[in-house]
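# let's see this in three dimensions:
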Amino acid sequence: MDKTIKDINDIPHTISYVIRKRQQIDNLSELPKDKRPPDWILWHNNPDKLTKWLDDVLEIKGKKTRGDSILKIPKSEIEG
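Take a look at the predicted model:
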């Protein structure tokens, strides 16, 4: 790949789509086989279906979402 490309937005959409999809597939392949989404959901054009399926399978509903986490750092570890 061209080393002058620094951001995925600098490449054509079709290539960036393939890169992002490959990353998604690699990440989902780390799940146990019974928790992985079926191909028809993975390749569907509506990402909401994949998100809903993962929420249902991983039982995320009603729990904190990924963005709700709070990282507590002790004051003794903060440089000042």
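
# CA atoms for contacts and neighbours, from now on please.
OK.

# helices of the protein, residue ranges please.
13-28, 39-42, 47-57 (DSSP state H).

# any chance of those helices in CSV, plus distance to K6 and mean neighbour count?
Output for these, formatted as CSV (distance: least, Cα to Cα, whole Å; neighbours: other Cα atoms under 10 Å):
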stretch, distance to K6, mean neighbour count
helix 13-28, 12, 12
helix 39-42, 28, 13
helix 47-57, 26, 14
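
# from L42, how far off is D48?
When distance is defined by Cα to Cα, to the nearest Å, D48 is 11 Å away from L42.

# over to K49?
In this structure, K49 lies at 9 Å from L42, with Cα to Cα as the measure.

# pLDDT score assigned to the residue positioned nearest the centre of the chain?
The residue at the geometric middle of the chain, judged as the C-alpha nearest the mean C-alpha position with Cα atoms, centre = their mean, is Q24 (6.1 Å). For Q24, the model assigns a pLDDT of 90.

# for the one 10 residues further on, same thing?
Here the pLDDT value assigned to D34 is 87.

# okay if I get the helices of the chain as JSON lines plus distance to P74?
Shown next, in JSON lines, are these (distance: least, Cα to Cα, whole Å):
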{"stretch": "helix 13-28", "distance to P74": "32"}
{"stretch": "helix 39-42", "distance to P74": "41"}
{"stretch": "helix 47-57", "distance to P74": "32"}
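
# looking at those helices, which is closest to E79?
For the helices of the chain, distance to E79 was read as Cα to Cα. The smallest value, 34.8 Å, belongs to helix 13-28.

# and that closest one with helix 47-57, angle?
Interaxial angle, helix 13-28 versus helix 47-57 (axes from the mean of the first three to the mean of the last three Cα atoms, to 10 degrees): 0 degrees.

# ok now helix 13-28, how far from the chain's centre?
10 Å (Cα atoms, centre = their mean, to the nearest Å).

# which residues are contacting it?
Contact with helix 13-28 is made by I8, N9, R36, P37, as judged by Cα atoms under 8 Å, 6 or more residues apart in numbering.
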